[in-house]
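>>> got a predicted model here, sequence first, then my questions.
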Amino acid sequence: MERTTLRRRALAVGTATVAVGALALAGLTGVASADPADSTAPPVSADSLSPGLLAAMERDLGLDANDARSRIGNEYRAAAVAAGLQKSLGADFAGARVSGEKATLTVSTTDASQADRITGAGAKAEVVAHSLDRLEGVKAALDKSALRKAPKDVPVWYVDVEANRVVVNAASTAAGTAFLKAAGVDSALVTVARSAEKPRTFADLRGGDAYYMNGSGRCSIGFSVKRGTQNGFATAGHCGRVGTTTNGFNQQAQGTFQGSTFPGRDYAWVATNANWTPRPTVNGYGRGDVTVAGSTASVVGASVCRSGSTTGWHCGTIQQLNTSVTYPEGTISGVTRTSVCAEPGDSGGSYISGNQAQGVTSGGSGNCSSGGTTYFQPLNPLLQAYGLTLVTSGTPTDPPTTPPTDPPTDPPGGTWAAGTAYAAGATVTYGGATYRCLQAHTAQPGWTPAAVPALWQRI
């Protein structure tokens, strides 16, 4: 299957064809304690998880409802313990993963004297040769090389914490070796693996409600977000550029892309008009909506489920974090590799572990008939990049007394002006702050520097 951006002509969608509702999050919850011994699993009650999610975990992971609840609870605790140990081990930390039906946590270190600290926190200790920082440094060099020139026939590379190596998947050994040589990395830390994988973006897919870009292409809402009083949603960057207008599933005017990054990363956000209210739910496809409680990131080996309008609920496990993938449009880094399948139409859609949002669908290979590999853009970096707040069950979602404008506006004043052509590197003032232009463009009304971080950087 070719690695291509999949876009179709807009399809008529009636009000009865409501796709996955946007995952709603309002910030980080369940933050790990600095002391791993203090970390406990959040309670997972019988009614706190979606029946649809539990049914998908039974189908795809072979877990009944009780086993699924138990595993999710163990995975929550594992994420908290791993975060605490990463902080306390510092440069000796070499990664964490869970395995088995009970989600047993293994934490790796380069210092054998730290094994007691790890086991004392309730995890299995593993002593390895290379720290996570060292392996991430090798991968960063590969990423930098790929930004200069996307590698040929090298679709994916990542840090494999279980193998304690960087893995480069390539169509041939020669292609992988050429990539390493171009990046100038230490090949002793890298395994080149033959792979027929051909990831591509799922621009036609909707994990959330469908939306249409500039009246034609279709993508999916990932998560409901807010920026101040402005409502909007997070989605995949390959779905649209800054200024791209959107219509909702009902073909009514919806909003405008305010920030978009692709390639490099694959995230974006759309500001919506006052007719759209963000909700903290994901469509359960007739099995009950999932309410999102937070966005605590899961570790390698944890279960994760995806909701998409084309293929419904599908589950699998997190295989690697901080993966780099080459699509035909270029290389993206920082995505998470999963065993979850997806098909055209799922791009931008929601990834969730239990009730914790994980990210938005980017792309992948294969399908849901024969199986596949899919990548998601982690949600928390997306929120940080654009200064967004996630909508959760604890976030007020009623419209504000004064409806927001679409696109949003900032306090006036300064040298920035709509209609002006700005070159990369140009500086302006606006709202009492100074900004540097990141991409050459002609300013449009509403594209104020504070509202469009893809175009302007505050300095």
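Received it, and whenever you're ready, just let me know what you need. Numbers count the residues shown, from 1 in each chain.
>>> all helices for the protein, in order.
For the chain, applying DSSP state H gives helices covering 51-61, 65-89, 115-120, 132-148, 173-183, 379-386.
>>> Val107: what's it in contact with?
81-82, 85, 89, 93, 95-96, 118, 121, 123-126 (C-beta atoms under 8 Å, 6 or more residues apart in numbering). The way it works is simple: take the backbone N, C-alpha and C, and place the C-beta from them, glycine included.
>>> Serialize those to JSON lines and add fields for pLDDT and neighbour count.
Compiled in JSON lines, the contacts of Val107 are given as follows (pLDDT from 0 to 100; neighbours: other C-beta atoms under 10 Å):
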{"residue": "Val81", "pLDDT": "93", "neighbour count": "27"}
{"residue": "Ala82", "pLDDT": "94", "neighbour count": "27"}
{"residue": "Leu85", "pLDDT": "95", "neighbour count": "28"}
{"residue": "Leu89", "pLDDT": "96", "neighbour count": "21"}
{"residue": "Phe93", "pLDDT": "97", "neighbour count": "22"}
{"residue": "Gly95", "pLDDT": "96", "neighbour count": "27"}
{"residue": "Ala96", "pLDDT": "97", "neighbour count": "25"}
{"residue": "Ile118", "pLDDT": "96", "neighbour count": "25"}
{"residue": "Ala121", "pLDDT": "94", "neighbour count": "21"}
{"residue": "Ala123", "pLDDT": "96", "neighbour count": "23"}
{"residue": "Lys124", "pLDDT": "96", "neighbour count": "15"}
{"residue": "Ala125", "pLDDT": "97", "neighbour count": "18"}
{"residue": "Glu126", "pLDDT": "97", "neighbour count": "18"}
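>>> most tightly surrounded among the helices of the chain?
A comparison of these by mean neighbour count, using mean count of other C-beta atoms under 10 Å, puts helix 65-89 on top with a mean of 21.
>>> packing partners of it?
For helix 65-89, the packing partners by 3 or more C-beta pairs under 8 Å, 6 or more residues apart in numbering; DSSP states H and E come out as helix 51-61, strand 93-99, strand 104-109, helix 115-120, strand 303-308.
>>> so which elements touch the first one?
Helix 51-61 is packed against helix 65-89, strand 303-308, strand 312-327, with contacts defined by 3+ C-beta pairs under 8 Å, 6+ apart.
>>> any chance of the helices of the chain in a markdown table, plus distance to Asn247?
Formatted as a markdown table, those follow (distance: least, C-beta to C-beta, whole Å):
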| stretch | distance to Asn247 |
| --- | --- |
| helix 51-61 | 27 |
| helix 65-89 | 36 |
| helix 115-120 | 52 |
| helix 132-148 | 34 |
| helix 173-183 | 41 |
| helix 379-386 | 22 |
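>>> ranking the ones you listed by mean pLDDT, which is last?
If those are sorted by mean pLDDT, helix 51-61 sits at the bottom with a mean of 87.
>>> okay, now the unreliable bits of the stretch 201-350 of the chain?
Of all residues in the stretch 201-350 of the chain, those with pLDDT under 70 make up the ranges 201-208, 215, 284-288.
>>> and the residue lying closest to Thr173 once chain neighbours are set aside, how far is that from Tyr158?
Once flanking residues are discounted, Thr173 sits nearest to Val192: 5.7 Å by C-beta to C-beta, 6 or more residues apart in numbering. Relative to Tyr158, Val192 is positioned 13 Å away (C-beta to C-beta, to the nearest Å).
>>> show me which of those two is the more surrounded one.
Tyr158 (24 against 21; other C-beta atoms under 10 Å).
>>> touching, that one and Gln320? I think so.
Yes - using C-beta atoms under 8 Å, Tyr158 makes contact with Gln320 at a distance of 4.1 Å.
>>> circling back to that earlier point, Gly371 is nearest to which of the helices and strands packed on helix 65-89?
With C-beta to C-beta as the measure, helix 51-61 is the member of those nearest Gly371 (10.2 Å).
>>> compute the inter-axis angle for that closest one and strand 303-308.
Put simply, helix 51-61 runs at 120 degrees to strand 303-308, going by axes from the mean of the first three to the mean of the last three C-alpha atoms, to 10 degrees.
>>> the inter-axis angle of helix 51-61 versus strand 312-327?
Helix 51-61 and strand 312-327 are oriented at 60 degrees to each other (the same axes, to 10 degrees).
>>> tabulate the CA atom coordinates of helix 51-61 in CSV.
C-alpha atoms of helix 51-61 as CSV (Å, rounded to 0.1, in the frame of the first residue of the first chain):
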residue,chain,number,x,y,z
PRO,A,51,-18.9,-0.4,27.1
GLY,A,52,-17.7,0.1,23.5
LEU,A,53,-14.1,0.5,24.6
LEU,A,54,-14.4,-2.7,26.7
ALA,A,55,-16.0,-4.6,23.8
ALA,A,56,-13.1,-3.5,21.5
MET,A,57,-10.5,-4.6,24.0
GLU,A,58,-12.2,-8.0,24.3
ARG,A,59,-12.2,-8.4,20.5
ASP,A,60,-8.7,-7.1,19.8
LEU,A,61,-6.8,-8.0,23.0
